[in-house]
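Chemist: Kindly return the folded structure for what I paste below:
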Amino acid sequence: MSLLEVKDLSKRFGGVVAVDSCSLSVPAGSITGLIGPNGSGKTTIFNLVTGFIAPDGGEVHFKTRSIAGLGPDRIYALGIGRTFQLARIFPRLTALENMLVPVRRAGLRALLSQGQWGHEKERAMEMLAFMDISQVAGTLGGALSYGQRKLLELAAVMMAGPELVLLDEPAGGVNPALLERIAERIRQLNQQGTTFLLVEHNMGFVMNLCHEVVVVHQGRAIAKGNPREVRENPAVLDAYLGT
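Modeler: Sure, this is the predicted structure:
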């Protein structure tokens, strides 16, 4: 069953066609990769799905509900989270405070009145420990390393309990040791029930992690399949992976 279904999605910026009648699906419980060269429309697709820009045409369904054209906050509330190419954290808040920001979207007063704030702090610390960064809970976001910011952003996204998480280049600029940690955490979260759709240029990371891969070229999905099928597709090899 598809958790996310994109059909004939289109977006123009002036005379440039960024996304051209693109269709793809993300099965529930999967880790799906979205690959393609720079300028192929991957991040634009992410922005369309998560409401940061409005589509010119097409449909986006999450759990059969139409979400095309909804704003980011409404889509977030439905159970879709995302990360960005450059980790978006609050540099003047501590790592722990960054973790509690997603919770506050639900309404700080309501949370306090229900006596749950202590519980949320405990859950935030557990998530930081899960990401192996609990030691920086009291450190300002701006003082964290690049890799720690990546892990913190993912941890903060998970605080809201999303069913689907869109990861925009989770491996970008990350050293090999940290890269394997990120991959393992994604696998563990997936085993616990979170579905992932990720954009990534690191082909080794994609092929070792994803259950299914969708290939985008000039704003269209031109191929999909498991990593082996995509690797062996001559058109994909010629266009993206080399011979």
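Chemist: any idea which helix or strand comes after the helix or strand of the chain with the lowest mean pLDDT?
Modeler: Averaged element by element with mean pLDDT, DSSP states H and E, the chain has its least confident helix or strand at helix 108-113 (a mean of 45). Downstream of helix 108-113, the next assigned helix or strand under DSSP states H and E is helix 117-130.
Chemist: and that following helix, how far from the chain's centre?
Modeler: With C-alpha atoms, centre = their mean, to the nearest Å as the basis, helix 117-130 stands 21 Å off its chain's centre.
Chemist: Which positions in that helix come out as buried?
Modeler: 120, 121, 123, 124, 127, 128 (16 or more other C-beta atoms under 10 Å). Any C-beta I mention is one placed from the backbone N, CA and C, and that applies to glycine too.
Chemist: again with stretch 207-217
Modeler: 207, 209, 210, 212, 213, 214, 215, 216, 217.
Chemist: now for those, which pair is the farthest apart?
Modeler: Spatial extent of the buried residues of stretch 207-217 (C-beta to C-beta) is set by the pair 209 and 217 at 21.6 Å.
Chemist: what ranges of the chain fall below the confidence cut-off?
Modeler: Within the chain, the stretches with pLDDT under 70 are 102-118, 238-243.
Chemist: and the helix ranked longest in it, what does it pack onto?
Modeler: Counting by DSSP state H, the longest helix found in the chain is helix 176-191. Contacts defined by 3 or more C-beta pairs under 8 Å, 6 or more residues apart in numbering; DSSP states H and E place helix 176-191 against strand 31-35, helix 146-158, strand 195-199, helix 203-209.
Chemist: List the buried residues for the helix or strand in which residue 76 is found?
Modeler: Using DSSP H and E, residue 76 sits within helix 72-78. Residues 75, 76 are the ones in helix 72-78 that count as buried (16+ other C-beta under 10 Å).
Chemist: What are the contacting residues of that helix?
Modeler: Helix 72-78 has contacts (C-beta atoms under 8 Å, 6 or more residues apart in numbering) with 49, 50, 51, 52, 62, 63, 65, 67, 70, 105, 160, 162.
Chemist: who wins for neighbours among these?
Modeler: residue 49 (25 neighbours; other C-beta atoms under 10 Å).
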